[in-house]
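K.L.:
here are the coordinates; sequence isn't available:
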Ligand SMILES: CC(=O)N[C@H]1[C@@H](OP(=O)(O)OP(=O)(O)OC[C@H]2O[C@@H](n3ccc(=O)[nH]c3=O)[C@H](O)[C@@H]2O)O[C@H](CO)[C@@H](O)[C@@H]1O
Ligand SMILES: C=C(OP(=O)(O)O)C(=O)O
């Protein structure tokens, strides 16, 4: 197992190029199951989750590989086994994204239940309820969801809570259903819009994307297409915070600042200078950090996937910050580790009360999920001394070449065997 060793206390300076979004690429890859043939994706990051999705699709009979220019090509002509086994699903919850496409195209699917994870129980009841509304017969058997439907039929589905992958699963299934499906209280995340853009290029008829009501008119078949994945807004935000927490200055290139408005406004409120120009963001923190409060919320609210990293920044704020997690019931696993670095954080139900301290100092820390790991890396970049972050396989799920990109902008960070 690898760990990261970070010698902190150096302001980051220079340029970082943002990779394609993991949370866009995964549903886009699942969408390849909707139409036999060669699907071509540009800007897919090299990540552990992407390789897991390739293995999952391969299990079903798909072929995939990269072309010389990095284009990921998935050929679904020979898919014959509509099944997602436990061994793969347990390593990546996003595997559940194959459920909708499989039922829609093959009339049946057998997908392992993902189970809980470090950040919460994360049920998929709304995915299942939605598929049932579309006419699928769904059963739970020995830890697997089996769903079957001769033909899905359009209907209205109202989500009890906003669910990103739930919206994506149902949008894919409804694209091949008979008639019109209306998804109410749908997710508005940019990744949902990116998936809708690809589905539309495949021949799907989708309206209302980016609003809480998505209308899908089913078509009888879809065709493979070519698509460029949007830049990763969470990676972008993480580097913006890396500049801020180290008192540095970063030019963040090939990103979409408009997908990160809420985070950028909070950064400005914290006294950080943020300049947007097209697909470039410049972030500079010359005068320290002011404490600000944050509440996570579905898009366009403050993303839960940035909560842990923002908390790392707030540990060094002037004043007290209240950070409230409203999406997942257990997404504070980083708190005890940040405390090991000298942070002063109290927990009160769904809120963390972060009293800023003048400095953090290095310690060995360990993370239990992807963004918690990122928050520890940020804290380590600011802390004095050498911070050892273990279990970085979490980071490798979601950040492409994180250590290399940070080294390029002046961080002293290396990967070591534990
Ligand atoms: C691969 C991917 O895109 N992952 C993202 C996606 O996860 P994911 O799509 O799994 O998260 P959801 O949006 O579904 O979860 C939001 C809330 O709804 C609840 N819920 C969800 C589905 C369901 O059937 N029943 C239910 O109760 C969840 O437990 C959670 O409390 O959105 C999350 C919220 O922005 C992000 O943190 C994840 O990075
Ligand atoms: C929670 C995340 O991912 P996943 O939904 O794949 O677990 C994330 O990207 O922060």
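P.N.:
Nice, I can see it. Note that the structure is predicted; figures quoted are calculated from it, not measured. Ligands and ions are numbered 1, 2, ... in the order given.
K.L.:
what's the nearest residue in the protein when you look at ligand 2?
P.N.:
Here the chain gets closest to ligand 2 at one residue, residue 305, 4.1 Å apart by CB to the nearest ligand atom. (Each C-beta comes from the backbone N, C-alpha and C, glycine too.)
K.L.:
quick check: phi and psi at that residue.
P.N.:
When quoted as degrees, to the nearest 10, the phi and psi of residue 305 stand at phi -70, psi 0.
K.L.:
what's near enough to touch the residue nearest to residue 42 when sequence neighbours are not counted?
P.N.:
Of all residues not flanking residue 42 in the chain, residue 228 sits nearest, at 4.3 Å (CB to CB, 6 or more residues apart in numbering). Residues in contact with residue 228 (CB atoms under 8 Å, 6 or more residues apart in numbering) are 20, 41, 42, 43.
K.L.:
per-residue confidence at residue 228?
P.N.:
Model confidence at residue 228, given as pLDDT, is 98.
K.L.:
over to residue 116?
P.N.:
In this model, residue 116 is scored at 68, pLDDT.
K.L.:
around ligand 2, pick out the residues from the stretch 301-418 of the chain.
P.N.:
Contacts of the stretch 301-418 of the chain with ligand 2, taken as CB under 6 Å from any ligand atom, map to 305, 370, 371, 398.
K.L.:
gap between the second one and residue 309?
P.N.:
Using CB to CB, to the nearest Å, we find residue 370 at a distance of 11 Å from residue 309.
K.L.:
who has more neighbours out of those two?
P.N.:
Between residue 370 and residue 309, counted using other CB atoms under 10 Å, residue 309 has the larger neighbour count: 30 against 22.
K.L.:
helix, strand or coil for that one?
P.N.:
Secondary structure assignment for residue 309 (DSSP: H, G, I helix; E, B strand; the rest coil): helix.
K.L.:
check contacts around it.
P.N.:
So residue 309 contacts 237, 238, 241, 371, 374, 375, 378 (CB under 8 Å, 6+ apart).
K.L.:
mind putting the residues you listed in TSV, pLDDT, secondary structure and neighbour count included?
P.N.:
As requested, these are arranged in TSV below (pLDDT from 0 to 100; DSSP: H, G, I helix; E, B strand; the rest coil; neighbours: other CB atoms under 10 Å):
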residue	pLDDT	secondary structure	neighbour count
237	98	helix	28
238	98	helix	28
241	98	helix	26
371	97	helix	27
374	98	helix	29
375	98	helix	29
378	98	helix	29
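K.L.:
tell me how far the nearest residue to residue 296 once chain neighbours are set aside lies from residue 92.
P.N.:
Excluding its sequence neighbours, the residue lying closest to residue 296 (CB to CB, 6+ apart) is residue 304, at 4.2 Å. Noted for residue 304: a distance of 18 Å to residue 92, by CB to CB.
K.L.:
out of these two, which sits in the more crowded spot?
P.N.:
Using other CB under 10 Å, the more surrounded residue of residue 304 and residue 92 is residue 92, with 22 against 19.
K.L.:
can you pull the contacts of the more buried one?
P.N.:
Residue 92 neighbours (CB under 8 Å, 6+ apart): 26, 49, 52, 53, 56, 397.
K.L.:
relative to residue 386, which of these is nearest.
P.N.:
Closest to residue 386 out of the contacts of residue 92 is residue 397 (24.4 Å), distances taken as CB to CB.
K.L.:
surely that closest one meets residue 371?
P.N.:
No - under the criterion of CB atoms under 8 Å, residue 397 makes no contact with residue 371, lying 10.3 Å away.
K.L.:
that older thread, next up, the contacts around the residue of the chain closest to ligand 2.
P.N.:
Each residue near residue 305 by CB under 8 Å, 6+ apart is listed here: 23, 234, 371.
K.L.:
do that again at 6 Å, thanks
P.N.:
234, 371 (CB atoms under 6 Å, 6 or more residues apart in numbering).
K.L.:
what's the pLDDT at it?
P.N.:
Reported pLDDT at residue 305 in the predicted model: 98.
K.L.:
same thing with the one 4 residues further on?
P.N.:
If you check residue 309, the pLDDT there is 98.
K.L.:
repeat for residue 370
P.N.:
In this prediction residue 370 is given a pLDDT of 95.
K.L.:
I'd assumed residue 398 was in contact with it.
P.N.:
Yes - at 4.6 Å, residue 370 counts as touching residue 398 under the criterion of CB atoms under 6 Å.
K.L.:
what is the neighbour count of residue 216?
P.N.:
Residue 216: 27 surrounding residues under other CB under 10 Å.
K.L.:
chain neighbours aside, what residue packs nearest to the residue sitting furthest away from the middle of the chain?
P.N.:
Ranking residues of the chain by C-alpha distance from their mean position (CA atoms, centre = their mean) puts residue 150 at the top, at 32.7 Å. Closest residue to residue 150 apart from its sequence neighbours, by CB to CB, 6+ apart: residue 107 at 5.9 Å.
K.L.:
what of residue 406?
P.N.:
residue 413 (5.1 Å).
K.L.:
looking at this, the one you found is in a helix?
P.N.:
No - under three-state DSSP, residue 413 sits outside any helix and is assigned strand.
K.L.:
which ones are touching it?
P.N.:
Neighbour list for residue 413: 4, 6, 403, 406, 407 [criterion: CB under 6 Å, 6+ apart].
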